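Chemist: With the sequence up front, the predicted model follows.
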Amino acid sequence: MNSPAASLSPNYLRSRIGKICVAIIGQDAAELLQRAEEVYRENKFLEFRLDYVPKPASALPKLKAFLVEHPEVTAVATCRREANGGRFAGSTSAELDILQKAAAAGFHLVDVELQTAEQVKAGELDKLRAQGAALILSWHDFMTTKDLDGIFERIRPFEPEFIKIVSTARHLADNVAMLRFLDRAKDKANVIGICMGEQGVISRILGPRSGSVFTFASATAGEETAPGQISVQTLLDLYRIDQLDTATKVYGVAGNPVSHSLSPAMLNAAFRRERVNSVYVPLQTGGMSDLLTIIREIPLSGLSVTMPFKQDILPHLQKTDPLSEKIGACNTVVRSQDGKLYGFNTDVAAIVRPLEKRLQLRNAKVLVLGAGGAARAAVFGLKDKGAEVFILNRTIPTAQKLAREAKAKVAKREQLAKSTFDVIVNATPIGMRGSKHQSVLAPNEINARLVFDLVYNPIDTPLIKAAREKGLPVITGVEMFVHQGARQFEIWTGKPAPEEEMLRVVVHALRQQAESGTPNR
Ligand code: NAP
């Protein structure tokens with residue numbers, strides 16, 4: 001690629017920057033500067049969004065002083081116009097004028113939209129580049145991911161130092177299109193590729209591994225400059241983006257929704273602790289065929305499956321363990337080297353094993369509340385261990401059907417106050433954070449030696465509190481959650497799971513969610 005003699009060379013810039021460029025925003029120059037001062041200590045590659053400031057040119061003297069003071073910082077100036085998805089209300093020539101001043105102020109790179117480059121006379125871009133800054137020529141599609149190669153070929157004649165193509169993922173498969181594109185383009189140009197949106201998260205994590213020179217991150221959660229942008233701390237600490245390479249195995253949690261799932265925090269912590277070269281990503285999708293595409297094409301090495309895919313995944317598995325087949329639900333998939341998919345259900349062990357640690361399940365009298373997916377795992381798992389199982393459910397025919405299938409019995413609510421059980425298991429969502437704060441049973445209906453609430457957010461549910469008030473031992477849903485994840489880790493890696501670390505991370509994340517008021521999932 002021929003860059004004008006005056007511009008900083010891509011090789012020089014690549015030697016200065018890491019894999020992450022942190023977007024800095026602020027309402028005025030002082031705020032931009034303050035954020036930059038805070039962020040540069042951890043990350044020295046910064047994009048200043050000048051279009052967020054009402055008078056961008058007036059911010060430049062302060063930013064110039066910052067760059068003089070911090071020669072280790074590599075800085076991108078962006079002043080995106082409203083027409084191209086930014087906040088700058090001025091014309092294209094006003095945009096170029098600001099970028100030219102930014103280059104003169106010491107910015108190392110300037111970001112110009114392809115639309116701007118195509119509108120202005122060639123001489124104007126040359127004038128901008130004569131200031132010495134390298135040129136990022138960028139394209140943003142806020143609707144779809146399409147024709148990435150076509151856009152690339154439109155940008156190439158301008159011979160920028162960096163080509164940036166940002167699209168919007170409507171499906172997980174759009175990430176595959178972006179990663180494949182990066183793989184094709186990386187030897188022809190210095191290319192940056194990202195899919196925006198919640199479904200584009202994979203491209204932000206795996207893009208650099210596929211050839212994107214770097215990716216963008218927000219300084220903190222809440223300071224995103226594009227939909228789906230991840231904070232720099234999350235990219236580094238949670239996804240370990242600077243350690244991902246072509247040998248890294250990719251796993252994920254598939255569901256809808258999964259944005260607040262604690263599984264990425266828990267399983268990435270386990271991979272990090274055990275030094276397993278794997279990463280675990282959220283896979284937000286609306287459809288099974290989209291999910292199957294991503295499993296095949298990324299390819300994924302394994303999958304946690306959650307609502308609403310636990311049943312729908314079954315016909316697509318080559319083999320399923322007998323218990324998953326009986327239950328009719330699978331929460332764990334392993335992809336073999338030849339692409340075959342094998343299904344397991346670790347929810348069963350996650351309910352049975354914590355109970356077995358505390359009491360003998362053979363002939364134990366167990367009441368299961370609910371008849372949905374989690375209840376099915378409990379009922380079949382407990383029957384398998386020889387327990388006598390009673391089912392109580394809001395919709396009685398569903399309880400009757402499950403009881404018939406599993407050779408269990410149906411309990412009646414009006415008899416609970418007079419009945420005693422060895423164990424009561426709550427497998428309904430009652431008591432979940434965000435729902436009405438109530439116990440699934442009245443105190444006089446809680447007559448058992450042990451109470452197990454599968455709900456894990458909050459940790460101390462109303463049922464757990466009511467049981468403790470009666471002096472009964474309890475098992476919280478967190479124990480089940482960690483256990484099902486730990487068994488997944490073992491199935492995927494063949495190593496014992498670091499359960500204490502996984503528990504620590506989950507409890508910490510639940511406390512954080514409770515403090516920040518994030519909705520439960
Ligand atoms: P599901 O398939 O939707 O089943 C929900 C069950 O709860 C159904 O039997 C439903 O009764 C009953 N139910 C729902 N709302 C109710 C209400 N307001 N009053 C009375 N009964 C109600 O859900 P699931 O997958 O089994 O999950 C159930 C809960 O288990 C989740 O909310 C989650 O908190 C917990 N869970 C925890 C873990 C863990 O790792 N700790 C794993 C999986 C699930 P109907 O048949 O009448 O609709």
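Modeler: Alright, I've got the coordinates. Residues are numbered from 1 along each chain as shown.
Chemist: Would you pull up the residue in the stretch 101-250 of the chain closest to the ligand?
Modeler: residue 238 (20.0 Å; C-beta to the nearest ligand atom). Every C-beta, even on glycine, is put in place using the N, C-alpha and C of the backbone.
Chemist: surely that residue meets residue 264?
Modeler: Yes. Using C-beta atoms under 8 Å, residue 238 is in contact with residue 264, at 6.5 Å.
Chemist: thinking again about what came up before, spit out the contact partners of the residue of the stretch 101-250 of the chain closest to the ligand.
Modeler: Shown in contact with residue 238 (C-beta atoms under 8 Å, 6 or more residues apart in numbering): 264-265, 268.
Chemist: Same question for residue 365.
Modeler: 387-388, 390, 420-423.
Chemist: tell me the phi and psi of it?
Modeler: Note on residue 365: backbone dihedrals following degrees, to the nearest 10 are phi -90, psi 110.
Chemist: from this protein, which residue is nearest to the ligand?
Modeler: Nearest to the ligand, among the residues of the chain, is residue 372, at 1.8 Å (C-beta to the nearest ligand atom).
Chemist: Any idea what residue 215 is bridged to?
Modeler: Note on residue 215: beta-bridge partners by DSSP bridges are residue 20.
Chemist: Give me the distance between it and residue 22.
Modeler: From residue 215 across to residue 22, the span is 10 Å (C-beta to C-beta, to the nearest Å).
Chemist: Look at the two and report which has more neighbours.
Modeler: With neighbours defined as other C-beta atoms under 10 Å, residue 215 and residue 22 compare such that residue 22 has more, 26 against 21.
Chemist: The residue nearest to residue 306 when sequence neighbours are not counted: neighbouring residues, count only.
Modeler: Among residues not flanking residue 306 along the chain, residue 255 sits closest, at 3.7 Å (C-beta to C-beta, 6 or more residues apart in numbering). For residue 255, the count of nearby residues is 22 (other C-beta under 10 Å).
Chemist: And residue 255, its phi and psi?
Modeler: Per-residue torsions, residue 255: phi -180, psi -170 (degrees, to the nearest 10).
Chemist: what sits against it?
Modeler: The neighbours of residue 255, taking C-beta under 8 Å, 6+ apart as the test, are 261, 283-285, 305-309.
Chemist: at 7 Å what do you get?
Modeler: Counting by C-beta atoms under 7 Å, 6 or more residues apart in numbering, residue 255 touches 306-307, 309.
Chemist: Quick one: buried ones out of the residues you listed?
Modeler: Burial by neighbour count, judged by 16 or more other C-beta atoms under 10 Å, picks out 306, 309 from the contacts of residue 255.
Chemist: Point out the least confident one among the contacts of residue 255.
Modeler: Minimum pLDDT for these is recorded at residue 307 (88).
Chemist: OK, contacts around that residue?
Modeler: Going by C-beta under 7 Å, 6+ apart, the list of residues near residue 307 reads residue 255.
Chemist: Assign a three-state SS to it, would you?
Modeler: Assigned with DSSP: H, G, I helix; E, B strand; the rest coil, residue 307 falls in the coil class.
Chemist: Next, work out how far apart it and residue 258 are.
Modeler: Applying C-beta to C-beta, the value for residue 307 to residue 258 is 9 Å.
Chemist: Save the contacts of residue 255 as JSON lines, and put in distance to residue 509 too.
Modeler: Shown next, in JSON lines, are the contacts of residue 255 (distance: C-beta to C-beta, whole Å):
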{"residue": "306", "distance to residue 509": "16"}
{"residue": "307", "distance to residue 509": "19"}
{"residue": "309", "distance to residue 509": "23"}
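Chemist: tell me which of the contacts of residue 255 is nearest to residue 482?
Modeler: residue 306 (15.3 Å; C-beta to C-beta).
Chemist: Just confirm that closest one contacts residue 253, I think it does.
Modeler: Yes. Applying C-beta atoms under 7 Å as the test, residue 306 and residue 253 come out as touching, 6.2 Å apart.
Chemist: Any stretches of the stretch 351-500 of the chain with poor pLDDT?
Modeler: Low-confidence segments of the stretch 351-500 of the chain (pLDDT under 70): 437.
Chemist: ok, which residues in it are in contact with the ligand?
Modeler: The stretch 351-500 of the chain comes close to the ligand at residues 370-375, 393-395, 398, 427-430, 432, 454-456, 477, 480-481, 484, as judged by C-beta under 6 Å from any ligand atom.
Chemist: Select from these every entry located in helices.
Modeler: Of these, the ones assigned to helices by DSSP state H are 373-375, 398, 477, 480-481, 484.
Chemist: What's the separation between the nearest residue to residue 286 once chain neighbours are set aside and residue 291?
Modeler: In this structure, residue 286 finds its nearest non-sequential neighbour in residue 256, 5.8 Å apart by C-beta to C-beta, 6+ apart. Distance of residue 256 to residue 291, given as C-beta to C-beta: 10 Å.
Chemist: And those two? Which one has more around it.
Modeler: When neighbours are counted by other C-beta under 10 Å, residue 256 and residue 291 differ, and residue 291 comes out ahead with 27 against 15.
Chemist: Surely the more buried one forms part of a helix?
Modeler: Yes. Assessed by three-state DSSP, residue 291 belongs to a helix.
Chemist: my read: it touches residue 285, true?
Modeler: Yes. Contact criterion C-beta under 7 Å: residue 291 and residue 285 qualify, at 5.2 Å.
Chemist: what sits in contact with each of those two?
Modeler: Shared contacts of residue 291 and residue 285 (C-beta under 7 Å, 6+ apart): 172, 254.
Chemist: For residue 165, which three-state class applies?
Modeler: When classified by three-state DSSP, residue 165 comes out as strand.
Chemist: just to revisit the earlier point, would you turn the contacts of residue 255 into TSV with distance to the ligand?
Modeler: Below are the contacts of residue 255 laid out as TSV (distance: C-beta to the nearest ligand atom, whole Å):
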residue	distance to the ligand
306	8
307	6
309	12
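Chemist: Could I get the contacting residues of residue 447?
Modeler: By C-beta under 7 Å, 6+ apart, the contact list for residue 447 reads 419-421.
Chemist: correction: residue 194
Modeler: 166, 200, 203-204, 207, 215-216.
Chemist: Please repeat the previous calculation with a cut-off of 6 Å.
Modeler: If you count contacts by C-beta atoms under 6 Å, 6 or more residues apart in numbering, residue 194 has them with 166, 203-204, 207.
Chemist: Next, residue 362: phi, psi?
Modeler: Here is the backbone geometry of residue 362 (degrees, to the nearest 10): phi -60, psi 130.
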